[in-house]
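K.L.:
give me coordinates for this.
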Amino acid sequence: MATKGNTNLSKGIPQLKDAFVVIIKTEWNAHLVDPLEEGCIHILSENNVHFRSISVPGAVEIPYAIKTYAESAQQKADAFITLGTVIRGGTPHFEYVCNMVTEGILSLNLSLKIPVIFGVLTVNSEEEVIERTGGIHGHKGEEAAITAIKMIALTQSLKK
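P.N.:
Predicted coordinates for the structure are as follows:
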């Protein structure tokens, strides 16, 4: 069972200069993903972090979109944030999708020179998503943005 939101995460958010984040979000379950994105955008905007949001059909497509963006001539990202929901159903499809997305994002974290933040909720029900978008388990969209900011600062400090 998940614990309540990480109450210490929002402490000591570093101030970044000219940071740019790309949010990759799913169209699938948009009514659940949009509130995640809203929380994420709220934190990024509050901390003067520039961003761009890109939609993909589903969670499996997230790693491809990140890899393609990173290899493109688009504005260089300082971090990627992934947002989506995968809700357990009655077939093994849930496990396959969760594994593909998790492995894809892990692979990108190890191969790209910038952080990829895992903000894909893997849950049993829509109620569990609502609990994680401002409910009893905090706001995972906000937490993803805070994590991105902290990881950008860490990356910049290690490159010096």
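K.L.:
run through the residues that contact K67.
P.N.:
Listed by C-beta atoms under 8 Å, 6 or more residues apart in numbering, the contact set of K67 reads L108. Bear in mind the C-beta positions are built from the backbone N, C-alpha and C, glycine included.
K.L.:
for whatever helix or strand it lives in, output the C-alpha coordinates as PDB.
P.N.:
Following DSSP states H and E, one finds K67 within helix 62-71. Extracted as PDB, the C-alpha positions of helix 62-71 are listed here (Å, rounded to 0.1, in the frame of the first residue of the first chain):
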ATOM      1  CA  ILE A  62       6.200   7.300 -23.700                       C
ATOM      2  CA  PRO A  63       9.800   6.000 -24.000                       C
ATOM      3  CA  TYR A  64       9.700   6.300 -27.800                       C
ATOM      4  CA  ALA A  65       8.600   9.900 -27.600                       C
ATOM      5  CA  ILE A  66      11.300  10.800 -25.200                       C
ATOM      6  CA  LYS A  67      14.000   9.100 -27.200                       C
ATOM      7  CA  THR A  68      12.800  10.700 -30.400                       C
ATOM      8  CA  TYR A  69      12.600  14.200 -28.800                       C
ATOM      9  CA  ALA A  70      16.100  13.800 -27.300                       C
ATOM     10  CA  GLU A  71      17.500  12.900 -30.700                       C
END
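K.L.:
could I get the buried residue list for that helix?
P.N.:
Neighbour-count burial for helix 62-71, counted by 16 or more other C-beta atoms under 10 Å, picks out 62-63, 65-67, 69-70.
K.L.:
closest to A144 out of the residues you listed?
P.N.:
Comparing these against A144 with C-beta to C-beta places I62 closest, at 12.7 Å.
K.L.:
worst-scoring helix or strand of the chain, pLDDT-wise?
P.N.:
strand 133-135 (a mean of 91; mean pLDDT, DSSP states H and E).
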